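[1] here's my sequence, what's the structure:
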Amino acid sequence: MGETARRVLTSLVVALSAAGPAVAQQPSNEDLRKDIQALQESLKAIQKDLQDIKTMLARPVGPPSLVNKVVDLGDAPSRGDANAKLTIVEVSDYQCPFCSRYAKDTYPQLETEYFKTGKVRSVFLNLPLEAVHQSAFGAARAARCAGQQGKYWEMHDRLFADQKELEPWTPHAQAIGLDITAFDACVASDKEDAAIRRDIAEAQKLGITGTPAFLIGRTDPKSSKLTILAALRGARPFADFKTELDKLLAEPDKAAEAAPPPPGK
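    Numbering: from 1, shown residues only. Modelled structure (predicted):
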């Protein structure tokens, strides 16, 4: 039992005791006055405790806000204009069904309205949930190995297209036209593991433990670090992304406005 609840029960007991009938003798006026005063004080204490409980119940329950936190994207793969006003970071797992739903249903809508138009850049950050998805880390490695041959996104799209047929990796590489000898050697090594672990560490630093999660911030082509302005967690419809993106796109870029004008102007 919590301390506040214990105080409420104690106050109730005191109040009921004070209000109980006297059996030994008739109370004097002074005794009645003291009893009434004690009851009033007990009721005030109960009201305060109830208000404290209401305040606690009104507090938001859920993961902490990610707004204003910084994520280092490192060399994470991206699609879209590197100079786009906004960047949206997808924290994802190749074996996560909700991540696949985003890739199949929501991403194409975002691509049409925001990525291809140059308004928003898309970045992929790995968070393979190895405890429940045994192929997720290997899939992340396969995608990065495909990236060594310039076909990261082709492998990315193929792996999300059919999560039931993730392993073995070689048929996927053959389907997208990779040099199989080089690809197999990369997958058999651990050369991409450090980059994947770095992604995982960045997500964990932010307190992200589930996928997918989406982080939106201002694009800075000169830095791999992104200050988060908005975040969405879990499988969300396109309309939710549109609401956040349109709101941020409509806001002035304060950093750009504060920058000094170029020489000669």
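[2] residue boundaries of the strands in the stretch 101-250 of the chain?
    Remark: strands assigned in the stretch 101-250 of the chain by DSSP state E, counting those that start in this stretch are 120-126, 213-218, 225-233.
[3] what stretches of the stretch 1-150 of the chain score poorly on pLDDT?
    Residue ranges of the stretch 1-150 of the chain with pLDDT under 70: 1-27, 52, 54-64.
[4] rerun at 80
    Applying pLDDT under 80 to the stretch 1-150 of the chain flags the ranges 1-28, 31-32, 35, 45, 48-64.
[5] near Asp253, how many other residues are there?
    Residue crowding around Asp253 was assessed by other C-beta atoms under 10 Å; the count is 13. Bear in mind the C-beta positions are built from the backbone N, C-alpha and C, glycine included.
[6] now Leu73
    When counting by other C-beta under 10 Å, one arrives at 21 neighbours for Leu73.
[7] surely it is in contact with Ile228?
    No - taking C-beta atoms under 8 Å as the contact criterion, Leu73 and Ile228 are not neighbours in contact, 11.5 Å apart.
[8] just tell me which of the strands of the stretch 101-250 of the chain ends up closest to Pro252.
    Evaluated with C-beta to C-beta, the strands of the stretch 101-250 of the chain place strand 213-218 nearest to Pro252, the distance being 11.0 Å.
[9] may I have the strands that pair with the closest one, each with its orientation?
    Strand 213-218 sits in its sheet next to strand 86-92 (antiparallel), strand 225-233 (antiparallel), going by DSSP bridges.
[10] distance of Leu110 relative to Ala175?
    In this structure, Leu110 lies at 25 Å from Ala175, with C-beta to C-beta, to the nearest Å as the measure.
[11] between these two, who's got more neighbours?
    Set side by side, Leu110 and Ala175 show more neighbours around Leu110, with 22 against 11, by other C-beta under 10 Å.
[12] what sits closest to that one if chain neighbours are left out?
    Excluding the flanking residues, the one nearest Leu110 by C-beta to C-beta, 6 or more residues apart in numbering is Phe241, at 6.0 Å.
[13] check the one you found and give its pLDDT.
    Phe241 carries a pLDDT value of 97.
[14] from memory Cys96 sits against Ala235, does it?
    No - Cys96 is beyond contact range of Ala235, at 9.4 Å (criterion: C-beta under 8 Å).
[15] shared neighbours of the two, which are they?
    Overlap between the neighbourhoods of Cys96 and Ala235 consists of Pro212, taking contacts as C-beta atoms under 8 Å, 6 or more residues apart in numbering.
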